[in-house]
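A.B. asks: Pasted the sequence and its predicted model underneath.
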Amino acid sequence: MDRGKRPSKSILGGNNKIYMDLKDIIKEYTLPFLPAKSLFRFTGVCRDWKMQISTPFFSHSQSNSFHSVSGLFYQIPGDPPSFISLDPKAYGVPDPSLKFLPVPVDIRASSNGLLCCQARTGDKAYYMCNPATKMWKKLPKPEADHGIDPALVVIFEPSLLNFVADYKLVCAFPSTDLDDGYEFEIYSSAEGCWSVSREICLGDRKLLPSPGVHVNGIVYWQMKHSVLVAFDLAKERSQLIYGMKGTLCVMQGKLCSVSMHGWTVTVNVLSNVYSNTMEMHSKARTWVQKRLINLDHSRLGAGACKQPSVVFADSDTVVIHDGTTIFSYDMKTKETSALGNAVGTRLIGYVNNLVHV
């Protein structure tokens with residue numbers, strides 16, 4: 001019988017990570033999955049943790065591991081930006097007003113920890129920053145005139161292979177050659193310059209002043225009268241998509257629209273962009289209902305306004321604004337929470353990570 005027989009030293013040596021100290025296990029396998037605010041607090045645990053969190057390699061690892069939207073930047077025209085956290089104990093930024101930037105700015109778009117802002121005066125330059133680390137970079141001047149309220153989308157997908165953030169900034173702007181047309185200009189951080197696409201999207205509708213989204217190489221912006229303009233980055237081709245209602249978002253890697261009627265939130269997923277070209281009586285639909293969420297109106301402060309609206313959504317959270325107060329609905333726990341008061345016309349989701357700009 002082998003009962004009581006001790007394992008050989010070779011087996012112990014080959015599995016030595018089993019016997020790591022708890023603090024080492026947390027440092028190696030847990031810290032990279034925590035938000036920036038919590039990590040800054042944990043630098044006070046011990047010198048070893050402080051050194052670990054302060055290294056560029058850890059910042060790179062954390063920005064690849066932590067992708068949860070942590071809160072929203074919002075702004076009243078003429079005022080500095082503010083930040084409202086989904087969990088104030090875990091998520092936050094040291095300077096929500098972004099005063100670390102050299103000039104006053106307006107917030108424009110965000111993606112995976114990067115926030116794009118625009119100077120209010122002077123050359124109205126674009127700045128890319130990470131509010132958690134206060135790192136920033138001034139971008140070159142675009143070739144085209146983007147207008148007074150640029151329709152920008154930041155595209156940043158963290159990669160283990162890139163220690164420096166490789167991102168793109170895409171702007172849809174009114175064409176100077178054709179009335180009722182839109183053109184597209186793209187900034188690449190890898191190339192450090194802007195380029196105007198040859199594509200022109202024709203249509204008699206105007207873009208809405210709301211952030212666009214990026215899904216699987218295609219950028220989408222909302223237009224008036226329930227229409228989207230889609231721009232394929234690889235092919236540099238655009239098209240119009242009809243029948244969209246509510247707020248654009250990405251859920252589980254798919255483009256969705258989220259709308260609210262009464263106290264019911266409806267989530268529709270983009271199913272077939274060619275349904276308008278299908279044969280008559282085809283059952284193909286551009287948008288297909290994915291989910292219905294019945295909210296507890298008593299938790300939303302019923303009566304605060306006639307109709308609350310969805311201002312942000314992703315796979316984990318739906319954020320609702322009633323004109324004064326912002327509420328969040330957790331898709332997993334199905335709990336509704338009041339986040340605080342925010343009177344702003346622009347609300348942008350932000351991921352609290354340590355990505356280097």
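C.D. replies: Perfect, I can see it now.
A.B. asks: Could you use CA atoms for every contact and neighbour count after this?
C.D. replies: Noted.
A.B. asks: Show me where the stretch 201-350 of the chain has its strands.
C.D. replies: For the stretch 201-350 of the chain, strands defined by DSSP state E, counting those that start in this stretch occupy the ranges 213-215, 218-223, 227-232, 237-242, 247-251, 254-261, 264-270, 287-294, 309-313, 317-321, 325-330, 336-341, 346-351.
A.B. asks: Mind putting these into CSV with distance to residue 53, mean neighbour count and mean pLDDT?
C.D. replies: Shown next, in CSV, are the strands of the stretch 201-350 of the chain (distance: least, C-alpha to C-alpha, whole Å; neighbours: other C-alpha atoms under 10 Å; pLDDT from 0 to 100):
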stretch, distance to residue 53, mean neighbour count, mean pLDDT
strand 213-215, 30, 20, 95
strand 218-223, 34, 23, 95
strand 227-232, 38, 21, 95
strand 237-242, 43, 18, 93
strand 247-251, 30, 22, 94
strand 254-261, 33, 20, 94
strand 264-270, 38, 20, 95
strand 287-294, 39, 15, 93
strand 309-313, 30, 22, 92
strand 317-321, 28, 22, 92
strand 325-330, 29, 20, 91
strand 336-341, 29, 16, 88
strand 346-351, 18, 24, 91
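A.B. asks: Please name whichever of these is nearest to residue 201.
C.D. replies: Taking C-alpha to C-alpha, strand 237-242 is the member of the strands of the stretch 201-350 of the chain nearest to residue 201, at 6.0 Å.
A.B. asks: So for residue 178, which of the strands of the stretch 201-350 of the chain sits nearest?
C.D. replies: Nearest to residue 178, of all these, is strand 237-242, at 15.4 Å by C-alpha to C-alpha.
A.B. asks: and that closest one, which strands flank it?
C.D. replies: strand 227-232 (antiparallel) (DSSP bridges).
A.B. asks: Just give me the longest helix of this protein.
C.D. replies: Determined from DSSP state H, the single longest helix within the chain is helix 56-65.
A.B. asks: List the buried residues for it?
C.D. replies: In terms of neighbour count (16 or more other C-alpha atoms under 10 Å), helix 56-65 has its buried residues at 58-65.
A.B. asks: which one of the residues you listed is nearest residue 46?
C.D. replies: Ranked by distance to residue 46 (C-alpha to C-alpha), these are led by residue 58 at 16.1 Å.
A.B. asks: what pLDDT does that closest one get?
C.D. replies: Here the pLDDT value assigned to residue 58 is 93.
A.B. asks: Now do the phi/psi pair for the spatially closest residue to it that is not a sequence neighbour.
C.D. replies: Of all residues not flanking residue 58 in the chain, residue 52 sits nearest, at 6.6 Å (C-alpha to C-alpha, 6 or more residues apart in numbering). Backbone geometry at residue 52, expressed as degrees, to the nearest 10, gives phi -60, psi -50.
A.B. asks: Reformat the buried residues of helix 56-65 as JSON lines; add distance to residue 335.
C.D. replies: Converted to JSON lines, those look like this (distance: C-alpha to C-alpha, whole Å):
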{"residue": "58", "distance to residue 335": "33"}
{"residue": "59", "distance to residue 335": "32"}
{"residue": "60", "distance to residue 335": "33"}
{"residue": "61", "distance to residue 335": "31"}
{"residue": "62", "distance to residue 335": "28"}
{"residue": "63", "distance to residue 335": "27"}
{"residue": "64", "distance to residue 335": "28"}
{"residue": "65", "distance to residue 335": "25"}
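A.B. asks: Show me the one of the strands of the stretch 201-350 of the chain that comes nearest residue 136.
C.D. replies: Comparison of the strands of the stretch 201-350 of the chain against residue 136 by C-alpha to C-alpha identifies strand 346-351 as nearest, at 15.4 Å.
A.B. asks: and the angle from that closest one to helix 56-65?
C.D. replies: Using axes from the mean of the first three to the mean of the last three C-alpha atoms, to 10 degrees, the direction of strand 346-351 lies 120 degrees away from that of helix 56-65.
A.B. asks: So which residues of the protein form helices?
C.D. replies: Going by DSSP H, the chain shows helices at 9-14, 22-29, 36-42, 47-53, 56-65.
A.B. asks: Lowest mean pLDDT across the ones you listed, which one is that?
C.D. replies: Looking at the helices of the chain, the bottom one is helix 9-14 with a mean of 44.
A.B. asks: re the thing from before, can I get the strands of the stretch 201-350 of the chain in TSV including distance to residue 78?
C.D. replies: Output for the strands of the stretch 201-350 of the chain, formatted as TSV (distance: least, C-alpha to C-alpha, whole Å):
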stretch	distance to residue 78
strand 213-215	25
strand 218-223	24
strand 227-232	29
strand 237-242	33
strand 247-251	25
strand 254-261	29
strand 264-270	32
strand 287-294	36
strand 309-313	21
strand 317-321	21
strand 325-330	20
strand 336-341	18
strand 346-351	12
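A.B. asks: what pLDDT does residue 306 get?
C.D. replies: At residue 306, pLDDT is 56.
A.B. asks: which residues does the spatially most central residue of the chain contact?
C.D. replies: In the chain, the residue lying closest to the centroid (C-alpha atoms, centre = their mean) is residue 111, at 4.2 Å. Applying C-alpha atoms under 8 Å, 6 or more residues apart in numbering to residue 111 gives the contacts 154-156, 350-351.
A.B. asks: Could you do residue 337 as well?
C.D. replies: 299, 327-329.
A.B. asks: For residue 322, give me phi and psi.
C.D. replies: phi -100, psi 20.
A.B. asks: My understanding was that it contacts residue 307; is that so?
C.D. replies: Yes - Residue 322 lies in contact with residue 307 (C-alpha atoms under 8 Å); the separation is 6.9 Å.
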